[in-house]
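[1] pasted the sequence and its predicted model underneath.
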Amino acid sequence: MEPIKVSLESLNIATLFPMLIAITGGLVILVIDLIKVNLHKSLYVMLSILFLLLDLGAIIGLDVNTRGFFNVMFVDGIAILSQIVIVVASMLFIPLALSSKRFHEFSLPEFFALFLFMVAGFQFMVATDNLILIFIGLETASLALYTLIAMHNRGKSFEAAIKYFTMGALASGFYAMGSMILYGLTGSVELYKIVEVLSNRGYEPIWAVLAAASFMIAAIGFKLSIVPFHTWTPDVYEGASAALAGYMSVVPKIAGFIVAMRMFEFLIHSDITWVRDILYIAVVVTMTFSNIVALVQDDVKRMLAYSSISHSGFVMAAIMIGTTEANSALFLYWILFLFTNLGAFTMLWITRHKSTIWHKRFDHPYEKFSGLVQVMPIAATVMAIFMLSLAGVPPFSLFWGKLYLMSAAVNSGYIILALIMAINSAISAYYYLKLVVYMFLKDPIKGENIVYFKNASLSLKSVVGFSAIATILPALYISPLMEYINHFVSISGF
């Protein structure tokens, strides 16, 4: 038997470069720690940013619409765009380790190595249409993320990591079942071949396609915290550090959206109406339920957790609509959400104190921010700007994201959906403004225990400043950004 010859050109190894750079970065950090222990964390922060910059360069240098590495890597416009979002968000997150107070996890080099492995996992998820590789990327990223949450080293952090691990394992089981049914139906694990075989067969037997789609909706619903698969989210956000909670509200979800886009849009385009109906119900219930629950929260971090569930529902509408315009609106919304939400969580991280001195359970009760405008007017104003942006108040950035998404819904004939989105934005304004009322209209709590912004450092202030500028001045960059997004989405496989 002749050996199989594989040429390097046909493998197109370049498609793997971005992930390999991130993995190499993680390994380099581990090796440095083996050679010399107790180096200052700023070295690891700089190394992480350096490798993420190299990663970003490798992504920008990729050829669009190519396949590589035995055809399992698939680099289309959406893969490039989502990888850029993942890496840029990661580069904004890493400086948050340089807080002035010493927190346990950031002094460990393993934290930064695991973080880079997690980024590589998310990149694998979005740069393939192979069900097995999506699963490997998902598990790589998730296992690293569970550990990062637990590293915060408090009772609540361990509880959060275990909850997330249990729910993640269940989601992985659903994903494996859905993939198995699709493979059994079509004899392939590559989505483009699955689409081909199913469309030639007229999507028969429909009950099997329905079962596979249901398992996949449940699996991705867990990752995107779509109601009723959202129950882990507030507890996990509460247990994780505020910086990591902000990261979790943005990056794992963009990876989940891309996987959902690749999986469900071919079914939606084939006029399989029940998939669209299930997603329609999920979108409306997720937006509305999480907004109503957010109204009664006592803790700002839990409120932001429910608000991020609501934003996920909002953005899932784009996948349900399934047009190029809707996909472009999804990216625009999530890029704007990245700056605003990371800014809001960074403000919480700056106010973080090692002991819970304001409330016996919560780190960030509303009372903590009472009268902040009298103590630190700039901080109160910046936090208010982030809240108003999340509520979709013009002229702040997320207003434009909501506008583009609603116009995509209207242009596709989903007038009622657009109205539900508008009503939900109005409901959400109430709980965002609740924090603004505490900061601007109440008196500060008097007492020796009150500690404001003790965790602030130059790098944290820089991240907040950058996020604030991006939130206040969207008019400067929204048109070129939209052109860039449209360019990549239009040359994708959708």
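    Ah, there it is.
[2] strands of the stretch 51-200 of the chain, start to end?
    Under the criterion DSSP state E, counting those that start in this stretch, the stretch 51-200 of the chain contains strands at 66-68, 73-75.
[3] looking at these, which has the lowest confidence?
    Note on the strands of the stretch 51-200 of the chain: strand 66-68 shows the lowest mean pLDDT, a mean of 84.
[4] buried sites along that one?
    Buried residues in strand 66-68, counted by 16 or more other Cβ atoms under 10 Å: 67-68. Every C-beta, even on glycine, is put in place using the N, C-alpha and C of the backbone.
[5] for stretch 139-155, same thing?
    In stretch 139-155, counting by 16+ other Cβ under 10 Å, buried: 139-152, 154.
[6] max-length helix in the chain?
    helix 155-186 (DSSP state H).
[7] what's that helix packed up against?
    Contacts defined by 3 or more Cβ pairs under 8 Å, 6 or more residues apart in numbering; DSSP states H and E place helix 155-186 against helix 131-150, helix 191-200, helix 206-223, helix 233-239.
[8] let me see the mean pLDDT of the third one.
    What that stands for is helix 206-223. 90.
[9] with just CA atoms, put that helix into PDB.
    Extracted C-alpha coordinates of helix 206-223, given in PDB (Å, rounded to 0.1, in the frame of the first residue of the first chain):
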ATOM      1  CA  ILE A 206     -37.800  15.800   9.600                       C
ATOM      2  CA  TRP A 207     -38.100  14.400  13.100                       C
ATOM      3  CA  ALA A 208     -34.400  13.600  13.200                       C
ATOM      4  CA  VAL A 209     -33.400  17.100  11.900                       C
ATOM      5  CA  LEU A 210     -35.700  18.500  14.500                       C
ATOM      6  CA  ALA A 211     -34.000  16.500  17.200                       C
ATOM      7  CA  ALA A 212     -30.500  17.500  16.100                       C
ATOM      8  CA  ALA A 213     -31.500  21.200  15.900                       C
ATOM      9  CA  SER A 214     -33.200  21.000  19.400                       C
ATOM     10  CA  PHE A 215     -30.000  19.600  20.900                       C
ATOM     11  CA  MET A 216     -27.900  22.300  19.200                       C
ATOM     12  CA  ILE A 217     -30.200  25.100  20.300                       C
ATOM     13  CA  ALA A 218     -30.000  23.800  23.900                       C
ATOM     14  CA  ALA A 219     -26.200  23.500  23.800                       C
ATOM     15  CA  ILE A 220     -25.700  26.900  22.300                       C
ATOM     16  CA  GLY A 221     -28.400  28.300  24.500                       C
ATOM     17  CA  PHE A 222     -26.300  27.400  27.600                       C
ATOM     18  CA  LYS A 223     -23.300  29.200  26.200                       C
END
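[10] now Asp76: closest residue in space, sequence neighbours ignored.
    Ser492 (4.3 Å; Cβ to Cβ, 6 or more residues apart in numbering).
[11] about what we covered before: buried stuff in the longest helix of the chain?
    For helix 155-186, by 16+ other Cβ under 10 Å, it's 156-157, 159-161, 163-165, 167-168, 171-172, 174-175, 177-179, 181-182, 185-186.
[12] ok, stretch 478-485 next?
    Buried residues in stretch 478-485 (16+ other Cβ under 10 Å): 478, 481-482, 484-485.
[13] so can I have TSV of those residues showing secondary structure?
    What follows is the buried residues of stretch 478-485, written out as TSV (DSSP: H, G, I helix; E, B strand; the rest coil):
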residue	secondary structure
Ile478	helix
Leu481	helix
Met482	helix
Tyr484	helix
Ile485	helix
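[14] now, which of the residues you listed sits nearest Thr323?
    Ile485 (13.8 Å; Cβ to Cβ).
[15] before we move on, the earlier item: quick check: which of the helices and strands packed on helix 155-186 is buried the most?
    Of these, the one with the most neighbours on average (mean count of other Cβ atoms under 10 Å) is helix 233-239, at a mean of 24.
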